[in-house]
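K.L.:
show me the folded form of this:
(one chain, ligands or ions: 1)
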Amino acid sequence: KLRIEFQKNVHDFLRQNNKIEDLASAFPIYATNTELYHPALQSLQSKAIVTVEVKSTTKMTISKEGESCLAAGHTPEGEVMDIVMKGPIQKTVLLAPAPNAPQATDKKGKKVQDPRTVAFFALTKQKLIETDADGNVVVGSSLKQADGTTKPFEDTIFLALQQFAKGEDVKPELVKELTKKNYIEKQIIKSVVLAKGTAFDTFTTEEQVLLTNQMLLTDEWKTHTFKEKNFTVPADLPKWGKLHPLQEMRSHFRRVFLRLGFTEMFTRRYVESSFWNFDTLFQAQSHPCRDIQDTFFVASPTYTMPDQVLDAPCSLHPSLPAQPKNELERYYMGLDLPEELIPRIQQVHEGGGDVCSDSLGYRYKWNRAEASKVILRTHTTAMSTRTLSTLNEGLKRVWRKNPSSQSPERPLAHPPIHGEACLSHSLLNDAHSARFFSIDRVYRNETVDKTHLAEFHQLEGFVVGRGLNVAHLIGTITHFFAEVGMTQFKFQPTYNPYTEPSMEMHAYHPILKKFIEIGNSGIFREEVMVPLGIDKDVRAIAWGFGLERPSMLQCDVSEIGALFGGKVDEEWVRESVMKIPHK
Ligand code: PHE
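P.N.:
Numbers count the residues shown, from 1 in each chain. The predicted structure follows:
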C-alpha cells in the first residue's frame with residue numbers, strides 16, 4: 001500500500017513538473033525509508049514509467065575545525081594575536097597547552113601540533129609577531145607603523161568563515177584560504193533525478209492480478225481487473241544457449257581432423273580392460289602407472305568376463321545400439337579379452353618371442369589376471385591399439401598386394417584428402433596413409449591442481465603407413481596446431497613404454513607466461529605394432545594431448561578448474577570467446 005501510494009505520488013508529481021531534481025528533498029519519506037521505497041522506484045524504472053539518474057554534485061560545507069572556530073569566535077591565529085596585542089607574553093606561557101585540552105589530531109587520528117603552536121609559527125613568518133631575546137612574544141614589525149603605533153590585527157579568515165556560514169558571498173581567494181586551512185571541505189552529494197519514462201502513461205495504481213489457469217476455469221477472472229498489457233515495451237532478450245568452450249574446442253578440433261582426412265575412432269567405452277589400456281601398449285605389468293595411485297580400478301566387475309558387455313545406452317551417441325549387433329560391434333564394445341591376441345602380447349612382454357624376435361621384452365612372467373583387471377581408461381591410446389588391431393587384415397591385404405608400388409590401394413575406410421596446404425613434412429596430404437583420431441574422456445587418479453584434473457578429455461591421433469619418421473610426426477603435429485592458432489610450442493624428448501622416440505609437446509601460455517605441457521607423442525614401438533598384426537616396416541606416428549590445456553590457452557584462463565568441473569562459472573561460459581579463427 002505504502003509503495004503504491006509512493007508510486008502514485010511520484011507519478012502525479014512528474015505529471016505536473018516533468019522532472020524531480022532531487023528525489024530525497026521532494027519526497028523526504030524516500031530518504032528516511034529508502035529500503036521500503038526503493039523497490040517501488042525500481043519497479044517504476046523497470047516498466048519504463050520513470051527514468052532514474054543518479055547525479056553527484058559537490059558542495060563546500062563547513063568542517064569540524066571550521067565549526068569549532070566559529071564556536072570559539074576566532075581562528076587560532078586570531079586568538080594568539082588577541083593575547084599578544086594585550087602586551088608581551090612569555091612564549092612558554094603562550095604556547096602552554098590549556099589544562100585538559102585534548103591532544104590535537106588530524107582526520108586519520110594522527111597526533112599533530114596544537115593549533116596555537118601552528119598559528120604561532122605562521123604569525124612569526126608573516127612578521128605579525130616576534131619573539132625577543134628574553135623569550136617574550138611581542139607584536140611584529142609588519143604591524144608597527146611609522147609613528148610608533150600598532151596597526152590593529154584583523155582576523156580575515158575568521159570573518160570569511162562567518163560570512164560563509166551565513167551563506168554570504170566569499171571572495172574566491174578567501175574560499176581558497178578556508179579550504180587550505182580545512183575550515184571548509186568538499187562534500188559529494190548524490191541526488192536521484194527522476195524524469196518521465198517512455199511508458200509513463202501506462203502507469204496504473206491498480207494492484208496487479210496475475211491471471212491463472214484456475215481463474216479461467218472457474219470464471220473467477222471476471223471479478224478481477226487486470227492491468228492492461230503493453231505489447232510495445234521492448235522485452236529483455238532471453239539468455240540464449242552457448243556451447244561450453246570445451247565443447248567448442250572439441251568440435252573445432254574434430255572438424256580439423258575430419259578435414260585432414262582422419263577417421264574418428266570408436267571410443268564409446270570409459271571402462272576398459274588393463275589389457276588394452278596397458279598390455280597392448282607394451283607397459284610392463286609392474287609399471288608404476290598401473291598403480292592404484294595413478295589409475296582408477298573398477299570394483300565391479302573387478303576382472304573382465306567372457307560375456308561382459310557395456311549395456312547402458314550411450315548418452316553421447318544415442319544412435320549407437322546398447323547391445324552389440326554383430327561380431328565386430330561385440331568386439332568393440334565388450335570387455336572380453338581377444339583370445340587370438342593374448343599369446344602374442346604375452347610373448348612380447350616375456351621376451352620378444354617369435355612374434356617380435358628383435359625384442360628382449362621385459363623378461364618377466366606375464367599374468368593374465370593382471371591384464372583382465374577392469375579400469376577407467378587412463379588414455380584413449382587404448383582405442384588406438386584396438387583400432388590398429390582391426391587394421392591388420394586390411395593393411396596386410398592392401399599393402400602386401402604390391403608393397404613396392406608407388407600407389408598402393410588404400411583401405412576404403414580412409415577416404416583421400418583434397419587440396420590441403422601442408423608443411424613440407426606434414427603427412428596430411430599423403431593419401432597413402434591411414435589416419436585416425438578420437439576426442440573423448442579419460443580418467444587419472446591424480447591430485448587436482450591448477451593444471452590437473454582427475455577426469456579430462458584427450459585428443460588422440462595416429463597416422464599409420466610405411467616409411468613414417470619423426471620429421472613426419474613433428475610436421476604433422478605442427479600443421480595440426482597451426483590450425484588452432486598455436487604456433488608457439490616446442491618438442492622435448494621423453495619416455496613412453498610404447499613409443500620410441502617419444503616427445504612431449506609444450507605450448508606457451510600467455511597468462512602463466514611459460515610453456516606448459518600439452519601433450520605427448522611418439523612412434524609406436526615394434527612391440528606394440530607387430531603383435532597387433534601390423535607389418536614390421538609399417539610405422540605409426542601417434543600423439544595424445546589434453547583438450548583442456550589448449551582450451552585454456554584459447555580462452556585465457558590459467559586454472560583448469562575454471563574450464564571444467566564443478567567450479568565452472570556459468571556466466572563465464574556464456575561470455576567466453578575463443579580466440580581461434582573458426583574456419
Ligand atoms: N597416451 C599418452 C598420454 O596419455 C599420449 C600418447 C599417445 C603418447 C600416443 C604417445 C603416443 O599422455
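
K.L.:
Asn18 and Leu194, how far apart?
P.N.:
To Leu194, Asn18 is 10 Å away according to Cβ to Cβ, to the nearest Å. (Each C-beta comes from the backbone N, C-alpha and C, glycine too.)

K.L.:
between these two, which is the more surrounded one?
P.N.:
Neighbour comparison, Asn18 and Leu194: the larger count goes to Leu194, with 26 against 11 (by other Cβ atoms under 10 Å).

K.L.:
residues near the residue nearest to Arg344 when sequence neighbours are not counted, how many?
P.N.:
In this structure, Arg344 finds its nearest non-sequential neighbour in Pro531, 4.0 Å apart by Cβ to Cβ, 6 or more residues apart in numbering. By the criterion of other Cβ under 10 Å, Pro531 has 27 neighbours.

K.L.:
next: the one 4 residues further on.
P.N.:
Residues near Asp535, counting by other Cβ under 10 Å, number 15.

K.L.:
which residue packs closest to the residue in the stretch 101-250 of the chain positioned nearest to the ligand, ignoring adjacent ones?
P.N.:
Distances between the stretch 101-250 of the chain and the ligand by Cβ to the nearest ligand atom are smallest at Arg250, namely 17.1 Å. Spatially, and ignoring its direct neighbours in sequence, Arg250 is nearest to Ile439 (5.2 Å; Cβ to Cβ, 6+ apart).

K.L.:
can you tell me the SS state at the one you found?
P.N.:
Assigned by DSSP: H, G, I helix; E, B strand; the rest coil, the conformation of Ile439 is strand.

K.L.:
and whatever residue of the chain ends up closest to the ligand, how many neighbours does it have?
P.N.:
Per Cβ to the nearest ligand atom, Gly544 is where the chain lies closest to the ligand, at 2.8 Å. Look at Gly544: counted by other Cβ under 10 Å, it has 21 neighbours.

K.L.:
how about the contacts made by it?
P.N.:
Counting by Cβ atoms under 8 Å, 6 or more residues apart in numbering, Gly544 makes contact with 379-381, 458-461, 519-521.

K.L.:
7 Å instead, please
P.N.:
379-381, 458-460, 519-520 (Cβ atoms under 7 Å, 6 or more residues apart in numbering).

K.L.:
looking at these, which is nearest Ile342?
P.N.:
Closest to Ile342 out of the contacts of Gly544 is Thr381 (19.2 Å), distances taken as Cβ to Cβ.

K.L.:
which parts of the chain belong to which domain?
P.N.:
Domain assignment of the chain by automatic domain parsing yields the ranges 2-60+187-206, 64-185, 248-575.

K.L.:
what's the most buried one of the ones you listed?
P.N.:
Sort these by mean neighbour count, taking mean count of other Cβ atoms under 10 Å, and domain 248-575 sits at the top with a mean of 17.

K.L.:
which helix or strand in this structure has the lowest average pLDDT?
P.N.:
helix 327-333 (a mean of 48; mean pLDDT, DSSP states H and E).

K.L.:
continuing past that one, what's the next helix or strand?
P.N.:
Later in the chain than helix 327-333, the nearest helix or strand by DSSP states H and E is helix 342-351.

K.L.:
from the contact counts, what lies against that next one?
P.N.:
The contact analysis (3 or more Cβ pairs under 7 Å, 6 or more residues apart in numbering; DSSP states H and E) places helix 342-351 against no helix or strand.

K.L.:
let me see the mean pLDDT of that helix.
P.N.:
Across helix 342-351, pLDDT averages out at 93.

K.L.:
next one: the helix or strand that contains Pro550 to chain centre, how far?
P.N.:
Secondary structure from DSSP H and E places Pro550 in helix 548-554. Relative to its parent chain, helix 548-554 has a centroid offset of 12 Å by Cα atoms, centre = their mean, to the nearest Å.

K.L.:
all helices of the stretch 251-400 of the chain, in order?
P.N.:
Along the stretch 251-400 of the chain, counting by DSSP state H, counting those that start in this stretch, helices occupy 274-277, 327-333, 342-351, 368-371, 381-401.

K.L.:
what residues does this structure put near the ligand?
P.N.:
Residues of the chain found near the ligand (Cβ under 6 Å from any ligand atom) are 379, 381, 496, 499, 520-522, 542-544.
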